[in-house]
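*Asks:* Build me a model:
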Amino acid sequence: MNLNITGRHVEVTPAIRDYVSSKLDRVIRHFDNVTSAAVILSVEKLKQKAEVTLHVRGKDIFVESDDADLYAAIDSMTDKLDRQVLKYKQKLADHNHESVKHQAPPEA
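*Replies:* Residues are numbered from 1 along each chain as shown. Okay, here's the model as predicted:
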């Protein structure tokens, strides 16, 4: 998986990079069809913002979160991303199960 971390008006330190990658590893553990992730960390006046675009097979999942603290914004972003990834995974599983269920039964 390719991980791209960009900072807008904020320097991406190794500590922040490690924190983001450890949080995304937790999310990606649920779903192994992730090809790449692009994370953008930005600061606008008193608002710290974290955005991520997760590229999975068949869809791009986008999540953004803002908070007064950058680490809190990253935490809430990964929580939202985790919920969306699990929802997408369940949707795929339901779709696959439904297509098998509606097939004609084999003739004996």
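*Asks:* Now the residue most central in space within the chain: closest residue in space that isn't a chain neighbour?
*Replies:* Note on the chain: the residue nearest the mean C-alpha position is residue 81, at 4.3 Å, using CA atoms, centre = their mean. Spatially, and ignoring its direct neighbours in sequence, residue 81 is nearest to residue 63 (4.6 Å; CB to CB, 6 or more residues apart in numbering). C-beta: built from backbone N, CA, C; applies to glycine.
*Asks:* number of nearby residues for the one you found?
*Replies:* 20 (other CB atoms under 10 Å).
*Asks:* again, but for the one 5 residues further on
*Replies:* By the other CB under 10 Å criterion, the neighbourhood of residue 68 contains 9 residues.
*Asks:* list the buried ones in the longest helix belonging to the chain?
*Replies:* Longest helix of the chain, by residue count under DSSP state H: helix 70-101. Using 16 or more other CB atoms under 10 Å as the test for burial, helix 70-101 gives 70, 73-78, 80-82, 84-85, 88, 92.
*Asks:* Count the residues that sit near residue 47.
*Replies:* 11.
*Asks:* What separation do you get for it and residue 13?
*Replies:* Distance, residue 47 to residue 13, using CB to CB, to the nearest Å: 19 Å.
*Asks:* Dump the buried residues of helix 70-101 into JSON lines; add pLDDT and distance to residue 53 as well.
*Replies:* JSON lines is the format used below for the buried residues of helix 70-101 (pLDDT from 0 to 100; distance: CB to CB, whole Å):
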{"residue": "70", "pLDDT": "94", "distance to residue 53": "18"}
{"residue": "73", "pLDDT": "95", "distance to residue 53": "16"}
{"residue": "74", "pLDDT": "95", "distance to residue 53": "15"}
{"residue": "75", "pLDDT": "95", "distance to residue 53": "18"}
{"residue": "76", "pLDDT": "96", "distance to residue 53": "16"}
{"residue": "77", "pLDDT": "95", "distance to residue 53": "11"}
{"residue": "78", "pLDDT": "94", "distance to residue 53": "14"}
{"residue": "80", "pLDDT": "95", "distance to residue 53": "13"}
{"residue": "81", "pLDDT": "94", "distance to residue 53": "10"}
{"residue": "82", "pLDDT": "92", "distance to residue 53": "15"}
{"residue": "84", "pLDDT": "92", "distance to residue 53": "12"}
{"residue": "85", "pLDDT": "90", "distance to residue 53": "13"}
{"residue": "88", "pLDDT": "89", "distance to residue 53": "14"}
{"residue": "92", "pLDDT": "83", "distance to residue 53": "19"}
